[in-house]
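[1] This is a predicted model, with the sequence first.
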Amino acid sequence: MKQVLEDAQMNQLVYNALSFGTAVMLGAFVYFLTQMNSVAKQYRNGVAVSAVVVGIAGYHYFRMWSGWAEGMVNEGYRYADWLITVPLLVIELLIVLGVTADRRKKLMTTLVPATVLMIGLGYPGEVSTNDSTKWVYWVLAMIPFAYILFTLSGELKAAKARETGAVSQSITNATRILLVTWLVYPIAYLIPVVFTVSDGAEAGRQLAYTIADITAKALYGLMILNIAKARSGDSVNA
């Protein structure tokens, strides 16, 4: 009886978390749309991409939330979301960092395929029930993951060195969010390997992914918006 009650509580916790994630993403979508004209024209595309990211995530979270309510776990929604939004997260960052057009194009030709490869390699292990298979795909997915994180961290560091004041502080905040949040994903991936279903592994994984997604998309979008506003200065209407 106690185990049944604990399972029901964990299921309710995940249900509430997915509901909260849906609300945050859709709320952030509306907010970012209202903020596009608050930054200079050259940074508005970055804010628009932030809106697209949370809009797409909001849709997929609604589907995951609805599925969980019916007792279904469809990781296809989460991976479809990541397949679209993770490349966009990279693009929005490069837009507001002030990277030159040539440099941005070069980075996108390597980083965007790396994100697709990372997500593609992660999915087979995520849906597998075999721990060895999960480990194999985790290791393979960590190769592009490490490359992406290392490259973006380097670009953030370089951008910070070029700036002072509010812009520099905004970039520092974005760097912290990027590093801390992205490191949650590979840890959450391995929760079912370390724990069993009876230990709440599935609920723990869903909760960890949801917290990371909210931070990596909505909160990170706010950091991107802050960088864009700091860079815009008095040139918003320019």
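    Alright, I've got the coordinates. Residues are numbered from 1 along each chain as shown.

[2] what about Arg205, how many neighbours?
    21 (other Cβ atoms under 10 Å). For the C-beta atoms, the positions are set from N, CA and C on the backbone; glycine is no exception.

[3] Could you number the chain from 17 rather than 1 from now on?
    Renumbered: residue one is now 17, and that last one reads Arg221.

[4] Please verify my assumption that it contacts Ile207.
    Yes: Arg221 is within contact range of Ile207, at 4.5 Å (criterion: Cβ atoms under 8 Å).

[5] Val143: neighbouring residues, count only.
    There are 15 residues near Val143, going by other Cβ under 10 Å.

[6] make that Thr145, sorry
    With other Cβ under 10 Å as criterion, Thr145 counts 7.

[7] Quick check: pLDDT value at it.
    At Thr145, the predicted lDDT confidence score is 87.

[8] now it: how far from Glu218?
    Distance of Thr145 to Glu218, computed by Cβ to Cβ, to the nearest Å: 12 Å.

[9] what do you get for Ile111?
    37 Å.

[10] quick one: which of these two has more around it?
    Between Ile111 and Glu218, Ile111 has the larger neighbour count (other Cβ under 10 Å), namely 22 against 17.

[11] What count of nearby residues applies to Asp112?
    In this structure residue 112 is Val, not Asp. For Val112, using other Cβ under 10 Å, the count is 30.

[12] Pretty sure it sits against Ile243.
    Yes: at 4.7 Å, Val112 counts as touching Ile243 under the criterion of Cβ under 8 Å.

[13] can you point me to the longest helix in this structure?
    In the chain, with assignment by DSSP state H, the single longest helix is helix 18-51.

[14] Pull the number of nearby residues for Gly220.
    18.

[15] What are the boundaries of the helices in the protein?
    18-51, 57-85, 91-112, 117-143, 147-178, 181-205, 207-210, 217-229, 236-248.

[16] Mean neighbour count, these: which tops it?
    Among the helices of the chain, helix 236-248 has the highest mean neighbour count (mean count of other Cβ atoms under 10 Å), at a mean of 23.

[17] Give me the angle between that helix and helix 57-85.
    170 degrees (axes from the mean of the first three to the mean of the last three Cα atoms, to 10 degrees).

[18] Give me the below-cutoff pLDDT ranges for this structure.
    17-23, 213-215, 250-254 (pLDDT under 70).

[19] Please repeat the previous calculation with a cut-off of 50.
    By pLDDT under 50, the low-scoring segments of the chain are 17-21, 254.

[20] what residues are up against Val102?
    The neighbourhood of Val102, defined by Cβ atoms under 8 Å, 6 or more residues apart in numbering, consists of Thr131, Met134, Ile135.

[21] so can I have JSON lines of those residues showing distance to Ala39?
    Formatted as JSON lines, the contacts of Val102 follow (distance: Cβ to Cβ, whole Å):
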{"residue": "Thr131", "distance to Ala39": "26"}
{"residue": "Met134", "distance to Ala39": "28"}
{"residue": "Ile135", "distance to Ala39": "25"}
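
[22] right, and out of these, which lies closest to Val106?
    Thr131 (6.2 Å; Cβ to Cβ).

[23] OK, contacts around the closest residue to Ala130 other than its chain neighbours?
    Nearest residue to Ala130, sequence neighbours excluded (Cβ to Cβ, 6 or more residues apart in numbering): Pro160, at 4.2 Å. By Cβ under 8 Å, 6+ apart, Pro160 lies in contact with Ala130, Thr131, Leu133, Met134, Leu137.
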